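A.B. asks: need a 3D model of the following:
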Amino acid sequence: MKVGLDVGGTKTDAVAVDDSGAIVGRIRLATGWGPDAVTGTVLDAVSTLGREAGVDVSAIRSVGIGIPGQIEPGTGRVVHAVNLGVEELDLVAATQSRLGVPVGVENDVKAAALGAFALHGGSGSMGYLNLGTGIAAGIVSEGVLWRGARGTAGEVGHISVDPNGPLCRCGQRGCIEALAGGGAIAERWGHAAALPVRDVFDAADAGDARARELRAGLARGVAAAVRVLVLTADVDAVVLGGGVTALGPRLMADVAAELAASAEASPFMRSLRLQERVELLPAGSPAAALGAALVGATRDPEGALTRG
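C.D. replies: Reported below is the predicted structural model:
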């Protein structure tokens, strides 16, 4: 049995996975704020799987954690997880001795990429594009995550695709994230709403010119990210996940139309059949937690990557 945790800014999703890869238990609990509380959340999540999901905790052989922020290569040290109130935290050191099993830690989007790959069938190559507050991607080929020379492979959100576009928090203009990131869209929309991007789509449907502009920019940004992933890594499929994908068919229709329009004048781009290579992660899929479980199973007792 292996356990995976997706530690988010407000909620932590935890799953237990058996040897066949089937999810045999799943729970969700609130995420604490700050290093000590995040550590406590990890420990509580594992015990709650036993208490509420009927998981035999004595059968757990590893725990994997997907968490926002940067993960120092080869360690379990998380830095700059600002949405969790964590500037620096060695999660392996904080939890492994108390859990009594090997613990692995990975960035949440990279973990989600591994989970999405497994849910997608576990063969070939895939780009996972996470559309949330920000934009980031993970690239997986035959079950192996491509991290790049410095661990930044997949950081497509800060590729500028429009030098005259909106200012991005990174200092550039027209970044994919400035166009399609949920946080950037909410800030530019400026209206209080529980789900700002959905509010933008609804207002666009009602004829609001500003909302239409923002909605078109979102589709343009997502389509640009899809092209980047296919043209650089030639992945078999690009799977979209993250909170913005709750828009479902409305989002997919806009992205498909943008891809079709951008390929209209290019036989080469049409030959790539991009519209057919884009898919939506099914709603409610525990991709990040499942991927974290896979990460945990590939770590030795010191937290280092042993394979994959």
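A.B. asks: every contact and neighbour count from this point should use C-alpha atoms.
C.D. replies: Will do.
A.B. asks: so the residue nearest to A283 when sequence neighbours are not counted: helix, strand or coil?
C.D. replies: Closest residue to A283 apart from its sequence neighbours, by CA to CA, 6 or more residues apart in numbering: A246 at 7.1 Å. Using DSSP: H, G, I helix; E, B strand; the rest coil, the structure places A246 in helix.
A.B. asks: against L5, how distant is A246?
C.D. replies: 21 Å (CA to CA, to the nearest Å).
A.B. asks: who has more neighbours, the two?
C.D. replies: Neighbours per residue, other CA atoms under 10 Å: of A246 and L5, the larger number sits with L5, 33 against 19.
A.B. asks: looks to me like the more buried one is in a strand.
C.D. replies: Yes: per three-state DSSP, L5 lies within a strand segment.
A.B. asks: that one touches G64, doesn't it?
C.D. replies: Yes: here L5 reaches G64: they are 6.2 Å apart, a contact under CA atoms under 8 Å.
A.B. asks: can you pull the residues that touch both of the two?
C.D. replies: Common neighbours of L5 and G64 (criterion: CA atoms under 8 Å, 6 or more residues apart in numbering): A292, A293.
A.B. asks: now do the helices in the stretch 151-300 of the chain.
C.D. replies: In the stretch 151-300 of the chain, the helices defined using DSSP state H, counting those that start in this stretch lie at 176-180, 182-189, 196-205, 209-233, 249-263, 267-271, 274-277, 287-296.
A.B. asks: the stretch 1-150 of the chain too?
C.D. replies: Secondary structure of the stretch 1-150 of the chain, counting by DSSP H, counting those that start in this stretch: helices at 35-52, 91-99, 108-119.
A.B. asks: quick check: which of those is nearest to V228?
C.D. replies: Within the helices of the stretch 1-150 of the chain, the stretch nearest V228 is helix 108-119; the backing value is 16.4 Å (CA to CA).
A.B. asks: now A237: how far from E72?
C.D. replies: Applying CA to CA, the value for A237 to E72 is 29 Å.
A.B. asks: of these two, which one has the most company?
C.D. replies: A237 (22 against 16).
A.B. asks: sorry, back to before: mean neighbour count and mean pLDDT added to the helices of the stretch 1-150 of the chain, as JSON lines?
C.D. replies: Below are the helices of the stretch 1-150 of the chain laid out as JSON lines (neighbours: other CA atoms under 10 Å; pLDDT from 0 to 100):
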{"stretch": "helix 35-52", "mean neighbour count": "18", "mean pLDDT": "97"}
{"stretch": "helix 91-99", "mean neighbour count": "18", "mean pLDDT": "97"}
{"stretch": "helix 108-119", "mean neighbour count": "27", "mean pLDDT": "96"}
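A.B. asks: next, format those as CSV and append distance to G183.
C.D. replies: Conversion of the helices of the stretch 1-150 of the chain to CSV gives the following (distance: least, CA to CA, whole Å):
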stretch, distance to G183
helix 35-52, 23
helix 91-99, 27
helix 108-119, 16
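A.B. asks: what are the contacting residues of stretch 222-236?
C.D. replies: Outside stretch 222-236, the residues touching it (CA under 8 Å, 6+ apart) are 124-127, 129, 139, 156-157, 161, 176, 180, 238, 255-256, 258-259, 274, 277-278.
A.B. asks: 6 Å instead?
C.D. replies: S125, M126, V255, L259 (CA atoms under 6 Å, 6 or more residues apart in numbering).
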